[in-house]
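In: Here's my sequence, what's the structure:
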Amino acid sequence: MSVGTGTTGRAVDVRITTRAELALRGVAWDTPVRRPDGAGPSDDGHVLVDGANAALPRNPDSPYTVRGGRVWLGEEDTGLSLKAVRRPRFYDLTTADGVPYEHIARLHGADVLATTVVQTCIRYPEADRCRFCTIEESLRSGATVAAKTPAQLAEVAEAAVRLDGVQQMVMTTGTTTGPDRGARTLVRSVRAVLEAVPGLPIQVQCEPPGDLAWISALHDAGATAIGIHVESLDEKVRRRWMPGKSTVPLAEYEAAWDEAVLVFGPNRVSTYLLAGLGEDPDELIEGAGRLIDRGVYPFVVPFRPMAGTLAARDGVTAPSTAYLTYVTEGVAARLRAAGMNGADQKAGCAACGACSVLSAAGG
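Out: From the prediction side, this is the model:
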């Protein structure tokens, strides 16, 4: 592969730089599978880039276009292939009480079923809201329902596996008022899905539960992996970007990660790290290295100011391509040195890889 030299003097893989550009600037191309809002990176089209899952902004102003199944920058073929993920057949179905399956769970990438089990969050009032989150906007737009029942999730999962070859599932949740912070609902949901689809790998995602016994309960219910997402390890960034969530001390996250590694095993635990919230890139890489040493996979995802977020309202912009490339390559190198690969999580965001550039960089 061709390489260039970045502003830091470190050799830069041009293909990784292009993937970073696509993650930030998207493509001037529409896709049949997309996600306009929700709990995570959104307003994306789901595609396969060189055969791997990718969630890219659908941006009519992007300099990148698709012709003949290839990604072009003007009249230059970037060398990357791109194929749209087809609309799944389970989207055509509804429950007996008339709820579209698509409102209960959605396809991410080519083979991942994802759902936000509880679409409301105690931290969504503006004074407490994470500035990058739109978890309740999809509810307000009528694209989903507030709470998915275990029976609904089981029904949709069975159809998605049978009709569309889904290989794994992700269950996240808004934070609830109870001390379990949403874990109780996830336990019931995992059990119901696995009764309908035995053996389906499932990742669960929640804040650190007040009682760490819930982590074992999630594992005992049948979850394959767990995501406990901190988004940033920098306290100033946490207070600015996540005023409500930052009231949970980092020490609670560390205790939850350590317990989860004991219960689920190394590299079956992950956390989001958002690149572009104002952190020094070397400090972000060092923090990711400490997570790797704990057995936790740092899923580095570019911050993008989505419509409906407080960040977009305030005019905050995405990071530069150079910043995202530098952080991605630095974290990927540490993952490779530790023998950690996202695909080995078996289920979840790191296993899917669509929202990050890490898998393209060998992480």
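In: Tell me the spatial nearest neighbour of Pro125, not counting adjacent residues.
Out: Gly244 (7.9 Å; CB to CB, 6 or more residues apart in numbering). Where C-beta positions appear, they are placed from N, C-alpha and C, glycine not excepted.
In: contacting residues around that neighbour?
Out: Contact criterion CB atoms under 8 Å, 6 or more residues apart in numbering gives 122-123, 125, 127-130 as the residues in contact with Gly244.
In: Narrow these to those in strands?
Out: In strands, judged by DSSP state E, none of the contacts of Gly244 are found.
In: Just the buried ones among those, please.
Out: Neighbour-count burial within the contacts of Gly244 applies to 123, 128-130; the criterion is 16 or more other CB atoms under 10 Å.
In: nearest to Arg181, of these?
Out: Arg123 (10.3 Å; CB to CB).
In: Quick check: closest non-adjacent residue to that closest one.
Out: Here the residue nearest Arg123, using CB to CB, 6+ apart, is Gly244, at 3.5 Å.
In: Repeat that for Trp29.
Out: Closest residue in space to Trp29, ignoring its immediate chain neighbours: Val66 at 4.6 Å, by CB to CB, 6+ apart.
In: Could you do Glu254 as well?
Out: Closest to Glu254 by CB to CB, 6+ apart is Arg294, at 7.8 Å.
In: For burial, what's the neighbour tally of Glu259?
Out: As a burial measure, Glu259 scores 20 neighbours (other CB atoms under 10 Å).
In: And it, how far from Thr17?
Out: The spacing between Glu259 and Thr17, counted by CB to CB, to the nearest Å, is 38 Å.
In: Would you agree the residue nearest to Trp29 falls within a helix?
Out: No. Secondary structure of Val66 (DSSP: H, G, I helix; E, B strand; the rest coil): strand, not part of a helix.
In: OK, contacts around it?
Out: 27, 29, 72, 82.
In: what about 10 Å?
Out: Taking CB atoms under 10 Å, 6 or more residues apart in numbering as the contact definition, Val66 lies against 27-31, 47, 72, 80-84.
In: which ones among the residues you listed are found in strands?
Out: If you go by DSSP E, the contacts of Val66 have 47, 72, 80-84 in strands.
In: Of the residues you listed - the most surrounded one?
Out: Within the ones in strands among the contacts of Val66, Val47 tops the neighbour count with 27 neighbours, counted by other CB under 10 Å.
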